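Here is a sequence with its predicted model. Questions after.
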Amino acid sequence: MKISQLQSPALILDQGKVLRSTQAMTKRLAAKDVKLRPHMKTAKSIDVARMALEGNFGGVTVSTLKEADYFLGHGFADIVYAVCIEPAKLDHAANLAARGADLKVITDNVDVARAIATHGGKFRVLIEIDCGEHRTGTPPDHPGVLEIAVLLAGSATAELAGVMTHAGHSYGCRGEDEIKRIARDEREAVVSAATRLRDAGHECPIVSVGSTPTATFGESFEGVTETRPGVFVFYDLFQAGLGVCSVDEIALSVLTSVISQQPATNQILIDAGGLALSKDRSTAALETDLGFGLVCDADSGQPISTLPGPLVVSGVHQEHGQITLPEGTDMKQFPVGTRFRILPNHSCMTAAAYDSYNVIDGDDVIAEWSRCNGW
C-alpha cells in the first residue's frame, strides 16, 4: 500500500535510512577496532536488530528483561542488560541464563553484588562506572569497585565479566569538540577501572562504553572492547541538533492528519498528540526549538518549505496536536484531512507508544515490523 492509505496516527520507518545509518556506524567502529553492541532499547525490534548487527559480532544491549527474553527467543544470546539489577529480578535473570543466554547484568552496589554472589544462579556481572553523568555507576577509583570484584570472586556461580559506563551527559554537549572531550572522559574512566581490577588480580575481559554522540565522535577507543550506541539506528531531531546527524538522516516519523482548523488562534489541529508523539521537549535546550516535532510533507518526508521558518507542533494534548501557522498563512492550504509526517524530538520515546513500524521505501509501505514493549 501507499503511505496515504494508512490510518493515522501511524509510526513510519524508512528502511533505507536505517540501513545507511547502521552500515555507517559499523564501518566507523570497525575502523576504530572496537566492537559494536547496539543498544536495542530504541528500536525493540528483531528486524532492526538484524540490520544493526550485520557485519558485527552479534551481541546486543537491552534495557528490560522482557527485551532480553525477546531477543533470546529470536536467537541472539549475547546480551547486556544495561540497567542496574535489583535482587527481585535475579530469578528472572538466572532463568534467562539457564535457557542459554550469555547474559551480563550490571551493578554499582556492594550489597547487590553480595546478593548476586550468593543467589546460586549463573551470573556474569559488569560493574557500572560513573564517567561523569552522575546517574548510576560508581567512580572508577571508589573502593566499591574492588569490593564487588572480591565478592564475585568468592562465588561458586557468579563471575566478574568486566566494567561498563554510559556517557549520557554527552547529550548536554554543544558541538563536536565538546563531545570528543566527553568521549575521552568516558574511555579514561572505564579503562582506569579495568586497570585497577587487573592490577588487583581480577580478570576484566569486557570494557564497555556507550552513547551515540561519543560513538560518533570518539577519537580513541584504546583499551575499550565494545561500544553500545542506540538511537543511531533511527536518529531524531535532538541528535540532529547536537550535530550527530542531519535532519535528512532521521528514519522515524509519525503520520498524522489535520482534524480541525481554528482561524481565531491561527492553528490547525492534528490527530497526533502527546501519546503519539511523546511529550519530550529536548530540542527546547537547543538553538532551534522544534516544539514537539518538525512538520514534514507526508509523501516525501521533507520539512514543509513553503512557509517562513520551520513548521512545528507547538502544543499537544493527549490525542490532539496543535500546529501554529505563521502570521498571514492561508489556512485553506491545509484542509481537514491533510496528511503530514512529524519528525520526533526523541525517537525512543515516540516509538514506545506503538506496537509496530510501517516500513517504507519511498512512498510505498513494504512491511510491518513488530516491537517488543513493556517490562
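It's in.

CA atoms for contacts and neighbours, from now on please.
Will do.

Next, count neighbours for residue 57.
The number of residues packed near residue 57 is 11, by other CA atoms under 10 Å.

Next up, phi/psi of it, please.
When read as degrees, to the nearest 10, the backbone of residue 57 gives phi -80, psi -10.

Distance check, it against residue 296.
For residue 57, the distance to residue 296 equals 37 Å [CA to CA, to the nearest Å].

Tell me the helix or strand right after the helix or strand harbouring residue 28.
Assigned by DSSP states H and E, residue 28 belongs to helix 15-31. Next helix or strand after helix 15-31 toward the C-terminus (DSSP H and E): strand 35-36.

after that next one comes which helix or strand?
Heading C-terminal from strand 35-36, the first helix or strand you meet, by DSSP H and E, is helix 46-53.

Now that following helix: average pLDDT?
Averaged across helix 46-53, the pLDDT comes to 98.

mind listing what's buried in that helix?
Within helix 46-53, the residues that count as buried by 16 or more other CA atoms under 10 Å are 46, 48-49, 51-53.

What of stretch 334-344?
So, applying 16+ other CA under 10 Å, buried residues of stretch 334-344: 334, 339-344.

Is it possible to get JSON lines of these that adds distance to residue 282, pLDDT and secondary structure?
Below are these laid out as JSON lines (distance: CA to CA, whole Å; pLDDT from 0 to 100; DSSP: H, G, I helix; E, B strand; the rest coil):
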{"residue": "334", "distance to residue 282": "27", "pLDDT": "96", "secondary structure": "coil"}
{"residue": "339", "distance to residue 282": "25", "pLDDT": "98", "secondary structure": "strand"}
{"residue": "340", "distance to residue 282": "21", "pLDDT": "98", "secondary structure": "strand"}
{"residue": "341", "distance to residue 282": "19", "pLDDT": "98", "secondary structure": "strand"}
{"residue": "342", "distance to residue 282": "15", "pLDDT": "98", "secondary structure": "strand"}
{"residue": "343", "distance to residue 282": "13", "pLDDT": "98", "secondary structure": "strand"}
{"residue": "344", "distance to residue 282": "10", "pLDDT": "98", "secondary structure": "coil"}
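
ok, those vs residue 80, which is closest?
Nearest to residue 80, judged by CA to CA, of these is residue 344 at 27.1 Å.

domain ranges for this protein?
For the chain, the domain assignment from automatic domain parsing gives the residue ranges 3-9+245-370, 15-234.

Could you pull out the helices in the stretch 251-375 of the chain for me?
274-277, 347-351 (DSSP state H, counting those that start in this stretch).

right, and these - which one's nearest residue 152?
In this view, those are compared for proximity to residue 152 by CA to CA, and helix 347-351 is the closest at 33.9 Å.

how much distance is there from the closest one to the middle of the chain?
Between the mean C-alpha point of helix 347-351 and the mean C-alpha point of its chain there is a distance of 8 Å (CA atoms, centre = their mean, to the nearest Å).

Quick one: residues in contact with it.
Helix 347-351 is touched from outside by 11, 41-43, 231, 234-236, 252, 275-278, 280, 344, with contacts defined as CA atoms under 8 Å, 6 or more residues apart in numbering.

Relative to residue 103, how far out is the spatially closest residue to residue 32 that is not a sequence neighbour?
The spatial neighbour of residue 32 that comes closest, neighbours along the chain excluded (CA to CA, 6 or more residues apart in numbering), is residue 221 at 6.7 Å. Counting by CA to CA, the separation of residue 221 from residue 103 is 24 Å.

and what of residue 357?
From residue 357 across to residue 103, the span is 27 Å (CA to CA).

Kindly report the same for residue 296.
41 Å.

got it, and residue 15?
Residue 15 sits 29 Å away from residue 103, going by CA to CA.

Please apply the same query to residue 325.
For residue 325, the distance to residue 103 equals 51 Å [CA to CA].

do the same with residue 176
On the measure of CA to CA, residue 176 and residue 103 end up 34 Å apart.

Which of those two has more residues huddled nearby?
Applying other CA under 10 Å to residue 176 and residue 103 shows that residue 103 carries more neighbours, namely 24 against 17.

So what sits opposite the more buried one in the bridge?
On the basis of DSSP bridges, residue 103 is bridged to residue 79.

what's near enough to touch it?
Under the criterion of CA under 8 Å, 6+ apart, the contact partners of residue 103 comprise 77-81, 93, 96-97, 123-124.

Next: residue 360.
Under the criterion of CA under 8 Å, 6+ apart, the neighbours of residue 360 are 3, 12-15, 366-367.

and the longest strand along the chain with helix 15-31, angle?
The single longest strand within the chain, with elements called by DSSP state E, is strand 252-262. What separates the directions of strand 252-262 and helix 15-31 is an angle of 140 degrees, with axes from the mean of the first three to the mean of the last three CA atoms, to 10 degrees.
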